[in-house]
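# One predicted model, sequence on top.
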Amino acid sequence: MKTLHHWDAIGLVRPSARTWAGHRLYSGDDIARIHRVLVYRELGFPLAEIGRILDDPDADARDHLRRQRSQLADRIARLQKTLGAVDSMLDASKPGIRLTPEEQVAIFGDDWQPSSVDQAEERWGDSAQWAQYEERAAATTTEEWRDIAAAYEALNTDLAAAGRAGVVPGSAEANALAERHRASIAAYFDCTHAMHACIARSYLGDTDHTAAYEALAPGLTRWLRDVIFANAAAHGVDPQTAEWE
């Protein structure tokens, strides 16, 4: 209301009529003028100049609207460009994996879902391990990611072969595979034998992990859990009662 009072006082927008009590009454034309004033104000025009533009008897209303639209479009384009630059800066400064979704699929395979990183952050984002992952991932080069992916694929191949061959959990060969599996996790965060046992305990109840390992070899999920449990026990950890560290 104070704005309308001011505009009335300086002659920028005056009501067409008033009530018997002195209240301002704005007609449709008055409202249209208010809208034009607001547009010019948004574009940065001073009130005095807006008044001269609107009161010019030779002015074409449609021409003014076209000019307003053109200036607004230019401003929107500049703001969108600025927004894009800010988004790029945010992406560049964000910790964690710095591969594009296309690069992630190319390195980790067609079954890889880039959205899984965001899902993992929602689940574990407040943990110390996630902070470690973000720090390490941000410093990992594309070539290093390729090496990590290749090592993980080789590990899965060897796990599947050992599982099918019936390698006994607790044997030297099985323990070596368990350590390789723990090292694959340690690429992202420090993984103790207790934490490794906790992860293995979750495998049979995790449909995604079960499906992935069973696709490599039937029964591999349970076998891998037993291998990790036996290796943890060899390092003085009770896998059934181990806690996250």
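Yep, that arrived.
# Please, where are all the helices along this protein?
Residue ranges of the helices in the chain, as given by DSSP state H, are 2-9, 28-42, 47-54, 61-93, 101-108, 115-124, 128-138, 142-165, 172-186, 193-203, 207-216, 220-234.
# wait, isn't residue 129 in contact with residue 189?
Yes. When contacts are counted by CB atoms under 8 Å, residue 129 is listed as touching residue 189 (3.9 Å). Glycine gets a C-beta too; all of them are placed from N, C-alpha and C.
# which stretches of the protein have low pLDDT?
For the chain, residues meeting the criterion pLDDT under 70 lie at 1, 59-61, 64-65, 85-101, 103-108, 110-118, 120-121, 125.
# Would you mind giving the domain segments of it?
Residue ranges for each domain of the chain read 2-93, 141-234, as given by automatic domain parsing.
# Just name the most buried of those domains.
domain 141-234 (a mean of 17; mean count of other CB atoms under 10 Å).
# Endpoint to endpoint, it covers what distance?
This stretch, domain 141-234, spans 35 Å end to end (CA to CA, to the nearest Å).
# before we move on, back to that, dump the domains of the chain to JSON lines, plus distance to residue 124.
Output for the domains of the chain, formatted as JSON lines (distance: least, CB to CB, whole Å):
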{"stretch": "domain 2-93", "distance to residue 124": "21"}
{"stretch": "domain 141-234", "distance to residue 124": "10"}
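# so which of the ones you listed gets nearest residue 244?
The closest of the domains of the chain to residue 244 is domain 141-234. By CB to CB, the value is 5.2 Å.
# Centre of the chain to the closest one, how far?
Domain 141-234 sits 29 Å away from the centroid of its parent chain (CA atoms, centre = their mean, to the nearest Å).
# and if you look at stretch 73-86?
21 Å.
# Go ahead and name everything in contact with it.
Here stretch 73-86 makes contact (CB atoms under 8 Å, 6 or more residues apart in numbering) with residue 43.
# With just CA atoms, put it into PDB.
The C-alpha trace of stretch 73-86 is given here as PDB (Å, rounded to 0.1, in the frame of the first residue of the first chain):
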ATOM      1  CA  ALA A  73      14.500 -12.400 -22.400                       C
ATOM      2  CA  ASP A  74      18.100 -11.000 -22.400                       C
ATOM      3  CA  ARG A  75      18.100 -10.800 -18.700                       C
ATOM      4  CA  ILE A  76      16.800 -14.400 -18.400                       C
ATOM      5  CA  ALA A  77      19.500 -15.600 -20.800                       C
ATOM      6  CA  ARG A  78      22.200 -13.900 -18.700                       C
ATOM      7  CA  LEU A  79      20.800 -15.400 -15.500                       C
ATOM      8  CA  GLN A  80      20.600 -18.900 -17.000                       C
ATOM      9  CA  LYS A  81      24.200 -18.500 -18.200                       C
ATOM     10  CA  THR A  82      25.200 -17.400 -14.600                       C
ATOM     11  CA  LEU A  83      23.200 -20.300 -13.100                       C
ATOM     12  CA  GLY A  84      25.000 -22.800 -15.400                       C
ATOM     13  CA  ALA A  85      28.400 -21.400 -14.400                       C
ATOM     14  CA  VAL A  86      27.400 -21.700 -10.700                       C
END
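# ok, now how distant is the nearest residue to residue 175 once chain neighbours are set aside from residue 196?
In this structure, residue 175 finds its nearest non-sequential neighbour in residue 231, 4.7 Å apart by CB to CB, 6 or more residues apart in numbering. The spacing between residue 231 and residue 196, counted by CB to CB, to the nearest Å, is 8 Å.
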